[in-house]
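Visitor: test case, fold it:
(chains A and B)
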Amino acid sequence: KAGVTQTPRYLIKTRGQQVTLSCSPISGHRSVSWYQQTPGQGLQFLFEYFSETQRNKGNFPGRFSGRQFSNSRSEMNVSTLELGDSALYLCASSLDPGTGSYEQYFGPGTRLTVT
Amino acid sequence: KQEVTQIPAALSVPEGENLVLNCSFTDSAIYNLQWFRQDPGKGLTSLLLIQSSQREQTSGRLNASLDKSSGRSTLYIAASQPGDSATYLCAVTSGDDMRFGAGTRLTVKP
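Guide: Numbering: from 1, shown residues only, chains lettered A, B, ... in the order given. Sure, this is the predicted structure:
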């Protein structure tokens, strides 16, 4: 069974631009969560989508948004990029973490560098 | 608000040694606790998932324990190998939230 895939793997953008990252979950998984990892803040939860609906949201500004498609693939978008948005963005899929019964499986991440 | 702490932040051991990584959390009302491994610049690999009703889980040379009442989990690695060198993170799921510790960077020297 294929794992979680994320594209692109690396991205370089300049301040003020916007970016879209993509995540394809493991087949059959309906929940997709996004995380930001930086050396200073560690891993922080961005948001979670389940059945095309945002179910949970972390404490990030509105510049960070996402969506989920009917095939469970998810995208996250960051508008008006800032230098501090440089990070590893990780996507994780699960059957349904809302019940706490299922493991989260992580993708390799997208390394975003904002210059 | 759940807070997750991992001690030590870094650990260096000679090959073959048994070792214990620690994870503590402040709110015992959890669904589960998950241990991950992260290699530099890579995503997270799930190692073990312990449900709130369980006390421990084992996979190969790894054993994770959970004591909800004291807010602690340990990850025991037996007979460490250089390939075990990585950052180990614990994550606690409670409510609709998953919180991570800062990780323990493990180096196993040949």
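Visitor: residues in chain A within reach of chain B, list them.
Guide: A:4, A:6, A:33, A:42-43, A:45, A:48, A:55-56, A:88, A:90, A:92, A:97-101, A:103-109, A:111 (Cβ under 8 Å from any Cβ of the partner chain). Where you see a C-beta, it was placed from the backbone N, CA and C, and this is true even at glycine.
Visitor: report the buried members of the residues you listed.
Guide: A:4, A:6, A:33, A:42-43, A:45, A:48, A:55-56, A:88, A:90, A:92, A:97-98, A:100, A:103-109, A:111 (16 or more other Cβ atoms under 10 Å in any protein chain shown).
Visitor: where does chain B get nearest to chain A, which residue?
Guide: Nearest residue of chain B to chain A (Cβ to the nearest Cβ) works out as residue B:31 at 2.5 Å.
Visitor: ramachandran angles for that residue?
Guide: Torsion angles at residue B:31 (phi, psi; degrees, to the nearest 10) stand at phi -80, psi -50.
Visitor: you'd agree it is up against residue B:49?
Guide: No. Assessed by Cβ atoms under 8 Å, residue B:31 is found out of contact with residue B:49, at 10.2 Å.
Visitor: centre-most residue in chain A?
Guide: Nearest to the geometric centre of chain A sits residue A:34, at 2.9 Å (Cα atoms, centre = their mean).
Visitor: surely that residue and residue A:46 touch.
Guide: Yes. With contacts counted by Cβ under 8 Å, residue A:34 reaches residue A:46, the gap being 4.1 Å.
Visitor: on that earlier part again, just give me the neighbour total for the residue of chain B closest to chain A.
Guide: Using other Cβ atoms under 10 Å in any protein chain shown, residue B:31 has 20 other residues around it.
Visitor: wait, residue B:108 touches residue B:79, no?
Guide: No. Applying Cβ under 8 Å, one finds residue B:108 not in contact with residue B:79, separated by 10.2 Å.
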